[in-house]
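Chemist: sequence-free structure coming up:
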């Protein structure tokens, strides 16, 4: 197969879990410390060598385009003030990647969003990165997935071991081992199984490297759970497909992942990333220890321990 050169970033969701903050601002633009979540995703793609990025957007997503575009007035103001550090940060996002935008139109689910990328991607394998999952830049995931895809000429999904009590919140994979410790062959996929019925604790997280045959499958995939075209259903068909299609493999990720799709997890992600920064950590870490010590046991009284 040809090497992967393109990344697709679905970004058409309404972000209802973050209302009213997302009433007029895309959820992808919510700041994670001092950068919008979407910039972390594009930086990850670029670090893996994918500088051709297609964002699948929807209504009220103009802020995404503005963020990766020039802002002449702001740049001129910073230049006049001699604020070179902030000017560098502004210009960095502008030249980060060759970013394209395409409307999803009808909100028919992740599978439909991926299908919208068909004309841009063509007959090449490509990566899909979901903005809700941020992968720590110190931990390798996408690059490893790209390597495995080239070695095996297969479709790759990222897997993460989760507590069985939360398996019903994810797509869950049934797997077989391979000759590599972190690579498994996927034999079955189920989207958000009923509590207590998950076939494993290996959850699909928001990174995929897909063979182009996925488009033909998505075009005939009927709406599934939630009345949406589920990417999981199409991946199951690929897993059941002929040997020439390579099946579906998973890379088991054991690094640091930050979930920004849930309000509490979003706050945790901001705190985790902030305390590890050289410019913020020294001030935040002692404050957090003091703050945590004063929280008590949840009933308003100090913790006797």
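Modeler: Nice, I can see it. Since we're looking at a predicted model, the values are computed, not measured.

Chemist: hmm, who's touching stretch 250-267?
Modeler: With Cβ atoms under 8 Å, 6 or more residues apart in numbering as the test, stretch 250-267 has contacts from 17-18, 30, 32, 37, 131-136, 138-141, 144-145, 148, 156-161, 173, 175, 182-186, 202, 204-205, 207, 268-269, 272-273. Backbone N, C-alpha and C define where each C-beta goes, glycine included.

Chemist: just the buried residues of those.
Modeler: The neighbour-count test (16 or more other Cβ atoms under 10 Å) marks 18, 30, 32, 37, 131-136, 140-141, 144-145, 148, 156-160, 173, 175, 183-186, 202, 204-205, 207, 269, 273 as buried among those.

Chemist: mind checking which of those residues are in strands?
Modeler: The strands, defined by DSSP state E, take in 32, 133-135, 156-160, 173, 175, 183-186, 202, 204-205, 207 from these.

Chemist: I'd assumed residue 4 was in a helix, is it?
Modeler: No - in this structure, residue 4 is coil, not part of a helix, as judged by DSSP: H, G, I helix; E, B strand; the rest coil.

Chemist: surely it meets residue 146?
Modeler: Yes - with contact defined as Cβ atoms under 8 Å, residue 4 counts as touching residue 146 (5.4 Å).

Chemist: which residues do those two both contact?
Modeler: 127, 209.

Chemist: look at the two and report which has more neighbours.
Modeler: The neighbour comparison of residue 4 against residue 146 (other Cβ atoms under 10 Å) goes to residue 4, with 23 against 20.

Chemist: next, the contact list for the more buried one, please.
Modeler: Residue 4 neighbours (Cβ under 8 Å, 6+ apart): 50, 124-127, 146, 149-150, 209.

Chemist: and residue 277, backbone torsions?
Modeler: phi -90, psi 140 (degrees, to the nearest 10).

Chemist: residue contacts, it?
Modeler: Neighbours of residue 277 in contact, by Cβ under 8 Å, 6+ apart: residue 33.

Chemist: centre-most residue in this protein?
Modeler: Nearest to the mean C-alpha position of the chain, by Cα atoms, centre = their mean, lies residue 130 at 2.8 Å.

Chemist: tell me the contacts of that one?
Modeler: Residue 130 neighbours (Cβ under 8 Å, 6+ apart): 9-10, 41, 110, 205-207.

Chemist: so which of the residues you listed is the closest to residue 88?
Modeler: Nearest to residue 88, judged by Cβ to Cβ, of these is residue 41 at 20.7 Å.

Chemist: name the element the closest one belongs to?
Modeler: Assigned by DSSP states H and E, residue 41 belongs to helix 37-47.

Chemist: from the contact counts, what lies against that helix?
Modeler: strand 6-10, strand 52-57, helix 62-67, strand 126-129, strand 133-135, helix 142-152 (3 or more Cβ pairs under 8 Å, 6 or more residues apart in numbering; DSSP states H and E).

Chemist: show me where pLDDT drops low in the chain?
Modeler: Across the chain, the ranges flagged by pLDDT under 70 are 1, 242-245, 296-305.

Chemist: can you lay out the helices and strands packed on helix 37-47 as JSON lines showing distance to residue 225?
Modeler: Converted to JSON lines, the helices and strands packed on helix 37-47 look like this (distance: least, Cβ to Cβ, whole Å):
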{"stretch": "strand 6-10", "distance to residue 225": "17"}
{"stretch": "strand 52-57", "distance to residue 225": "20"}
{"stretch": "helix 62-67", "distance to residue 225": "27"}
{"stretch": "strand 126-129", "distance to residue 225": "19"}
{"stretch": "strand 133-135", "distance to residue 225": "20"}
{"stretch": "helix 142-152", "distance to residue 225": "25"}
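
Chemist: among those, which comes closest to residue 92?
Modeler: Closest among the helices and strands packed on helix 37-47, using Cβ to Cβ: helix 62-67, at 11.2 Å.
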